[in-house]
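> Could you look at this predicted model? Sequence included:
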Amino acid sequence: MDPQFISIKNFKSHSRTEIDCTGFKSVLIMAQDHSDPRISNAVGKTAIFDAIEYALFGTYPTSVLDGIVRDGTDLCEVIFDFELDGEIYRVERSRRRGKSSDCQLFVKLSDGSWNPKSQRTTTETHNAIQELIKINAKVFRNSVLFAQNDLDGLASAKSAEDRRCILKDALNLNDYQKFEKIVKDETSTISKMIISCKAIIDAIGNPSSDIESLRAKFDIAKVAVVDLEMRRDKTQISLNSKKAELVDLQRSVSSEMSDAEEKLADLKAQKTRAQQKIKTHNATIGENNHKLKTLLIKLNKKQSEVVDIQTACDDLRSKKFRPSSKVKAKLKEVSTNELNGKAFIGSLETKARELRKPIPDGDECPSCMQEVTEKYRQACEDDKKIKLQELEKNIAEKRIFLKKVTNHKNKLQKEIDEINNAISQISSLENILTSKQNEIANDQDYIGRINKLNEQIIADLSVQEKGLEDIINREEALINFAKSISDDEVNLKIIEIQSCIKDFEQELSELMQLASDANTQVGIYIAKIETKTNDLEKLQEEEGRLEKLETDYLLHKQVRKAFSSSGIPTMVIHTILDDLQIEANSLLAELKPGHELQFTPDLEIGFRIDGREKEYKQLSGGQKMIMAFSLKIGLSLVIQNRLGISIKFLGLDEVDQSLDRSTVDHYADVIHKLQDRFKIFVITHNDSLKDKFSNVILVEGDSTHGATSQLVTY
């Protein structure tokens, strides 16, 4: 990623900045406030790097997003063009204060126009940018931007553990702590599931043993069912035989007897129907009478309420009120008098304030233009005192009168409120009265319809009772006729057979009940066996699930160990040490031949100058800077190689702050040697570096109109 163009509008302190990055390989960023080079802090140098980060990643250096919008403006915008893999891309990101952010992506065509590559939403466009540049904000800061004092790090770290933390942070390995926690939580969840699974297994018990016991009981119950069904079938045969015998005997009875019995059966049916109809009529009459009683109670209550409401209306109408228009006219007149009185008192108080003012110092009175002598001053004071006393007396009298007017106005307002309240109550009561009268009319109509229905039912009931009486008389006559034609011997035989049939039916009913109970017991055993069979399947399923959970538990413990600080992060760090050492020594060979460094397996660093072993504290300031800078650049290259990207961009933000003059010279030499591989932006306060660079971005501070920047070439 090679920067091509930067445009900043109303971002942080910048009002408008445009930088063409194609004309330089390295550039110094310096600042001055209102053309005073002595003031360069908080002008807007670092804001250029913040703007690039905001464009690429949407990150911002303020506590709230609106903090990046310059004070006094509503919209900030950053445009960043960069070359990547032979294509030139443009990212535009903006923020409107208190509303929304926007993100756009473009690619430059051969004719110089920009082809939109933005996605459907801002979030999707942001994700497309991250996919394009293949790094996140954290890796960008560790591999591209070097902040103040950022040269301190691997080289000057006091312990191997400190170096491990630096590498974990740079390689974005701290996420493994999150992974470890996630796996730990999942392991805890699996452990709880194992406990639950074991509890279910314990609750199920031993269904295999229960199934064997239930099957033995089932076999015994099945034998009892077969025995009862055989006895039932035998009793059924005997019952059928007796019924056939009864039929043959009954056929011997004369046709007259048969005809009488048929007529008697028909009369019994008519009698039953008549009795049922009479019962229904009596029940309906009872229900209607109950309704009438309830309705009459409610009707009396409503009629009483109507009387009360009418009385209340009459009472309200009987109250004597003055005409509302007359009272309102009087109220208006009194209110006007009150306002006039307040205005008049105000004018008197103004005159009193004027009289209380002392006579101004001077040789001539501003009112009468006379010469101000001591005698004249005293005469004026006495005259003002007399007038003031008269005014204050007049004001007091007017206030008493005004209070009476105000009290009169309040009484008139209260009278109008009482009139309006009475009119409102009368209207409300009249509406309620009309509603109640309508309800009474409806209830009276309903009572009339129920009375009419009762009259019809009572008339029909009389007819049914007379018909029932006739049926009973005819039934008695037929019974007497049947008795007169029956044969005593045949009747006794019929009674004997009917008794046998009844006994067989009773025995058959008992056997059928016993057989049903036995079959029910068989069904219960079948259901229990089926339940226990399901429990057995559930047990086998839970045992299989338990085995899988225990396997998953062991696997998650291993994964958690892998994600721990002694696992993958340490392994990744050790795998990149050789690459880091090679990259750093390659840079040292290019920047300062004879300087070397070497990592030990326990993350200690050995330094060599012209083949001689050195401790870090034995190195000079320039040597420390070269070693630390090479490690930092080497780590940047390792990160880029690991991600498969090429970032031809370095941002150095006041990394020379603690360097002495000699080391600053080394620092400038290093930058010039690296500028063929990177486009380097250097922020500094050091004027001595100015002579070592051909290009300077000068940030001009202006607290009123905002900072601006321009590229200056020497």
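Received, thanks.
> So what's the gap between the top helix by length along the chain and the chain middle?
Ranked by residue count, the top helix of the chain under DSSP state H comes out as helix 374-485. Its chain's C-alpha centre and that of helix 374-485 lie 48 Å apart, by Cα atoms, centre = their mean, to the nearest Å.
> Now do it: which elements does it pack against?
When contacts are defined as 3 or more Cβ pairs under 8 Å, 6 or more residues apart in numbering; DSSP states H and E, helix 374-485 packs onto helix 255-318, helix 324-356. Bear in mind the C-beta positions are built from the backbone N, C-alpha and C, glycine included.
> Mind checking what helix or strand follows that helix in sequence?
Later in the chain than helix 374-485, the nearest helix or strand by DSSP states H and E is helix 488-563.
> Show me where the stretch 601-714 of the chain has its helices.
621-643, 661-674 (DSSP state H, counting those that start in this stretch).
> Deepest-packed of those, please.
Of the helices of the stretch 601-714 of the chain, the one with the most neighbours on average (mean count of other Cβ atoms under 10 Å) is helix 621-643, at a mean of 21.
> about what we covered before: could you give the angle of the longest helix of the chain to helix 488-563?
Per axes from the mean of the first three to the mean of the last three Cα atoms, to 10 degrees, the angle that helix 374-485 makes with helix 488-563 is 140 degrees.
> Make residue 1 into 31 and carry on from there
That works, and once the first residue is 31, the last one we named lands at helix 404-515.
> Generate JSON lines for the helices of the stretch 631-744 of the chain, with mean pLDDT as supplementary columns.
Converted to JSON lines, the helices of the stretch 631-744 of the chain look like this (pLDDT from 0 to 100):
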{"stretch": "helix 651-673", "mean pLDDT": "81"}
{"stretch": "helix 691-704", "mean pLDDT": "81"}
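> Give me the distance from stretch 571-584 to the chain's centre.
Centre to centre, stretch against its chain (Cα atoms, centre = their mean), the figure for stretch 571-584 is 36 Å.
> C-alpha coordinates for that stretch, CSV please?
Taking C-alpha atoms only, stretch 571-584 is exported to CSV below (Å, rounded to 0.1, in the frame of the first residue of the first chain):
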residue,chain,number,x,y,z
GLU,A,571,-29.0,-42.6,24.0
GLU,A,572,-27.9,-40.7,27.1
GLU,A,573,-25.0,-43.1,27.6
GLY,A,574,-23.9,-42.4,24.0
ARG,A,575,-24.4,-38.7,24.6
LEU,A,576,-22.4,-38.9,27.9
GLU,A,577,-19.5,-40.7,26.1
LYS,A,578,-19.5,-38.0,23.4
LEU,A,579,-19.7,-35.2,26.0
GLU,A,580,-16.8,-36.7,27.9
THR,A,581,-14.8,-36.9,24.7
ASP,A,582,-15.7,-33.3,23.9
TYR,A,583,-14.7,-32.2,27.4
LEU,A,584,-11.3,-33.7,27.0
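> Buried residues of that stretch, list them for me.
E572, R575, L576, L579, D582, Y583 (16 or more other Cβ atoms under 10 Å).
> Also stretch 560-567?
K562, D565, L566.
> And for stretch 454-469?
Of all the residues in stretch 454-469, those buried under the rule 16+ other Cβ under 10 Å are I456, L459, L463, K466.
> cool, and stretch 58-73?
L58, I59, M60, A61, D63, S70, V73.
> Identify, from the residues you listed, the entry nearest to K147.
Set against K147, the nearest of those by Cβ to Cβ is I59 (29.8 Å).
> Let me know the secondary structure of that closest one.
Under DSSP: H, G, I helix; E, B strand; the rest coil, the three-state class of I59 is strand.
> Now for it: which residues touch it?
K75, I78, F711, V712, I713, T714, V726, I727, V729 (Cβ atoms under 8 Å, 6 or more residues apart in numbering).
> Could you report the neighbour count for the closest residue to R707 other than its chain neighbours?
Once flanking residues are discounted, R707 sits nearest to K678: 7.1 Å by Cβ to Cβ, 6 or more residues apart in numbering. Residues lying near K678 (other Cβ atoms under 10 Å) number 18.
> do E107 as well
By other Cβ under 10 Å, the residues close to E107 number 18.
> Helix or strand: which one has it?
Counting by DSSP H and E, E107 is found in strand 105-114.
> Counting by contacts, list what that strand packs against.
Under the contact rule (3+ Cβ pairs under 8 Å, 6+ apart), strand 105-114 is packed against strand 32-41, helix 76-87, strand 117-126.
> one more time with 10 Å
Judged by 3 or more Cβ pairs under 10 Å, 6 or more residues apart in numbering; DSSP states H and E, strand 105-114 is in contact with strand 32-41, strand 44-50, helix 76-87, strand 117-126, strand 131-138, helix 152-163.
> Can you list the strands that it pairs with?
Here strand 105-114 is paired, per DSSP bridges, with strand 32-41 (antiparallel), strand 117-126 (antiparallel).
> Report the inter-axis angle for the helix-or-strand element of the chain with minimal mean pLDDT versus helix 651-673.
None of the helices or strands of the chain scores lower by mean pLDDT, DSSP states H and E than helix 190-200, at a mean of 74. Put simply, helix 190-200 runs at 50 degrees to helix 651-673, going by the same axes, to 10 degrees.
> picking up where we left off before, let's have the buried residues of stretch 58-73 in TSV, adding distance to L541 and pLDDT.
Shown next, in TSV, are the buried residues of stretch 58-73 (distance: Cβ to Cβ, whole Å; pLDDT from 0 to 100):
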residue	distance to L541	pLDDT
L58	115	94
I59	110	93
M60	116	91
A61	113	89
D63	115	85
S70	115	72
V73	111	84
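> Next, the contact list for R100, please.
Contacts for R100 (Cβ atoms under 10 Å, 6 or more residues apart in numbering) come out as 38-45, 77, 106, 127, 735-737.
> Would you quantify the distance from it to A254?
98 Å (Cβ to Cβ, to the nearest Å).
> and the longest helix of the chain, average pLDDT?
The average pLDDT for helix 404-515 rounds to 87.
> could you give the angle of it to helix 354-386?
150 degrees.
> Relative to Y84, which of the buried residues of stretch 571-584 is nearest.
The closest of the buried residues of stretch 571-584, once distances to Y84 are taken by Cβ to Cβ, is D582, at 43.7 Å.
> can you pull the pLDDT of the closest one?
89.
> and it, what is it in contact with?
Residues in contact with D582 (Cβ under 10 Å, 6+ apart) are E216, T217, I220, M223, I224, V589.
> quick revisit: just give me the closest of the contacts of R100 to N450.
Nearest to N450 among the contacts of R100, with distances taken as Cβ to Cβ, is R127, at 52.9 Å.
> What count of nearby residues applies to that closest one?
For R127, using other Cβ under 10 Å, the count is 16.
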